[in-house]
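Engineer: predicted model follows, preceded by the sequence.
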Amino acid sequence: MEVIVLAAGKGTRMYSETPKVLHKLGGKPLLSHVLDSARELQADKVHVVVGHGADRIKTYFDGKENAAPISWVDQEQQLGTGHAVQQALPGVAVSRTDNVVLVLYGDVPLIRPQTLRQLLALAENGAIALLTVVMDDPSGLGRIERNEAGDILAIVEDKDADLRQQQIKEINSGILAVPADRLAQLVHGIDNDNAQKEYYLTDIIAQAASAGDKISSLVIDDEAEVLGINDKSQLASAERQLQERIGQGLMQSGVTLRDPSRLDVRGELSCGRDVEIDVNVLIEGRVVLGDGVTIGANCVIKDAEVGSGTKILAGCHIEGAEIGRAVTIGPIARIRPGSRMDDGVKIGNFVETKNATIGAGTKANHLAYIGDAEIGRDCNIGAGTIFCNYDGANKHKTSLGDNVFVGSNCVLVAPLTLESDSFVAAGSAVSSDVPAKNLAVARGKQRNIQGWKRPSK
């Protein structure tokens, strides 16, 4: 089985310099969704027909989509879907009698692999299989014309339909499966004698019906599966459809969503048992949540692994982090790339970490910046503490042993080492290493000026 994906359209109604199939849905391009479905079917080869923005599309996907080879096909002139398939056919094994070609569209991203498997099952023994949908409002879409016995006679494009045909509710999705050798014969027999002066792939159905070919159809009731994306409104509609699908899948696997309509997953989310997610949470990239993880409202989590029993409170932004078990983060904390937290760490409100390893049981409860640091177990980072890691040219590291206490409003100037059980007095600016069990006091001497008068307006 081979797949031809038609992705040459300019997408004029998107009003964008970005090729239509590179617009994002659920965090990845429309075309990615279609290619993912093709790979789940284990296609022998995937042919992608490109035209407008071809170089950008190829650059994006080459080297990223390696599960199945992509054969790029250039359609320099966009003369219709039939013409696009003609361009791809030289690369298809049409001489193999058992080879079936599945035609998909780069701007129809929500088609399910299980639906395509059912369609392919209908294309056995030389049959042509169409995917159709019955719609209340079929305006603008090609109609399926049948005879009184229910046999498919033709697909009539909306602009070519007469008044009777416009009343037909069953529409053509454009997705079809055809034996490769028969597809080659039919495609080369179509012409552009129509209102658009294009070569319609749909015209092969009338030819096949006249020749006595067996034509089967799979009629589905989920319109979202065949929703084509032609403008930003349809893109937004597809995003909601996709997020609803993701939310339903999460809840069926046991995840508690306080409001499924206010969760957005733009990547891959894997959850253990008894995970709870509050409203307005955004997941990006690859995120893994262990058993019993709770995520508060208004959080953004990207490319992170979160251990069992961890609580992420409201308003946190986490990216590129490894978080252990029974950790508490937030509210309103920012965990930046390279942060790694062992079990039982507590990161409080308005704390920011970056490229920092934080040992088990360590606490930074409020108003701190921890950057380029290695911190041992059971340390205390006081409120207002800043790890000064940047000298204007280079980054430097601060290392803390176990059970180090840093008082409030301290500045730790890297490179710096605070050995285990050392203590830094509040308000200190520390720029020299502190030995184990020593107290570091680095404050300016206080002066009290007698007779000082407060300024007046």
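Structural biologist: Looks like it came in fine.
Engineer: contacts and neighbour counts: CA atoms only from here.
Structural biologist: Noted.
Engineer: three-state assignment of Asp402?
Structural biologist: Using DSSP: H, G, I helix; E, B strand; the rest coil, the structure places Asp402 in coil.
Engineer: let me redo that: Ala236
Structural biologist: helix.
Engineer: neighbours around it, how many?
Structural biologist: 13 (other Cα atoms under 10 Å).
Engineer: ok, it to Leu418 distance?
Structural biologist: Distance, Ala236 to Leu418, by Cα to Cα, to the nearest Å: 52 Å.
Engineer: what does the pLDDT read for Glu198?
Structural biologist: On the pLDDT scale, Glu198 is placed at 88.
Engineer: A helix includes it, no?
Structural biologist: No: assessed with three-state DSSP, Glu198 is coil; it does not lie in a helix.
Engineer: who touches it in this structure?
Structural biologist: With contact set as Cα atoms under 8 Å, 6 or more residues apart in numbering, Glu198 has these partners: 79-81, 191-192.
Engineer: at 10 Å instead, please
Structural biologist: Listed by Cα atoms under 10 Å, 6 or more residues apart in numbering, the contact set of Glu198 reads 78-83, 190-192.
Engineer: out of these, which one sits closest to Glu244?
Structural biologist: Taking Cα to Cα as the measure, Glu244 sits nearest to Thr81 out of the contacts of Glu198, at 30.9 Å.
Engineer: that closest one contacts Gln196, doesn't it?
Structural biologist: No: contact criterion Cα atoms under 10 Å: Thr81 and Gln196 do not qualify, at 11.8 Å.
Engineer: more neighbours: those two, which one.
Structural biologist: The residue with more neighbours, out of Thr81 and Gln196, is Thr81; 22 against 13, by other Cα under 10 Å.
Engineer: so who does the more buried one touch?
Structural biologist: Counting by Cα under 10 Å, 6+ apart, Thr81 has contacts 6-9, 49, 87, 105, 174, 187, 198-202.
Engineer: distance of it from Asp193?
Structural biologist: 14 Å.
Engineer: export whichever strand or helix holds Leu131 as CSV, just CAs?
Structural biologist: Applying DSSP states H and E as the criterion places Leu131 in strand 128-134. C-alpha atoms of strand 128-134 as CSV (Å, rounded to 0.1, in the frame of the first residue of the first chain):
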residue,chain,number,x,y,z
ILE,A,128,-12.5,1.5,-5.5
ALA,A,129,-13.3,2.8,-2.0
LEU,A,130,-14.6,6.3,-1.2
LEU,A,131,-14.9,8.0,2.2
THR,A,132,-18.1,10.0,2.4
VAL,A,133,-20.1,11.9,5.0
VAL,A,134,-23.8,12.9,5.2
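Engineer: which parts of the chain are helices?
Structural biologist: 30-40, 54-61, 81-88, 113-122, 163-166, 180-187, 203-210, 232-252 (DSSP state H).
Engineer: how about JSON lines for those, with mean pLDDT and distance to Thr310 added?
Structural biologist: Shown next, in JSON lines, are the helices of the chain (pLDDT from 0 to 100; distance: least, Cα to Cα, whole Å):
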{"stretch": "helix 30-40", "mean pLDDT": "94", "distance to Thr310": "32"}
{"stretch": "helix 54-61", "mean pLDDT": "94", "distance to Thr310": "36"}
{"stretch": "helix 81-88", "mean pLDDT": "95", "distance to Thr310": "51"}
{"stretch": "helix 113-122", "mean pLDDT": "96", "distance to Thr310": "35"}
{"stretch": "helix 163-166", "mean pLDDT": "91", "distance to Thr310": "57"}
{"stretch": "helix 180-187", "mean pLDDT": "94", "distance to Thr310": "54"}
{"stretch": "helix 203-210", "mean pLDDT": "92", "distance to Thr310": "57"}
{"stretch": "helix 232-252", "mean pLDDT": "97", "distance to Thr310": "19"}
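Engineer: nearest to Cys388 among these would be which one?
Structural biologist: Closest to Cys388 of those, according to Cα to Cα: helix 54-61, at 38.5 Å.
Engineer: what sits up against the closest one?
Structural biologist: 7-8, 10, 18-22, 29, 31-32, 48, 50-51, 70, 72-76.
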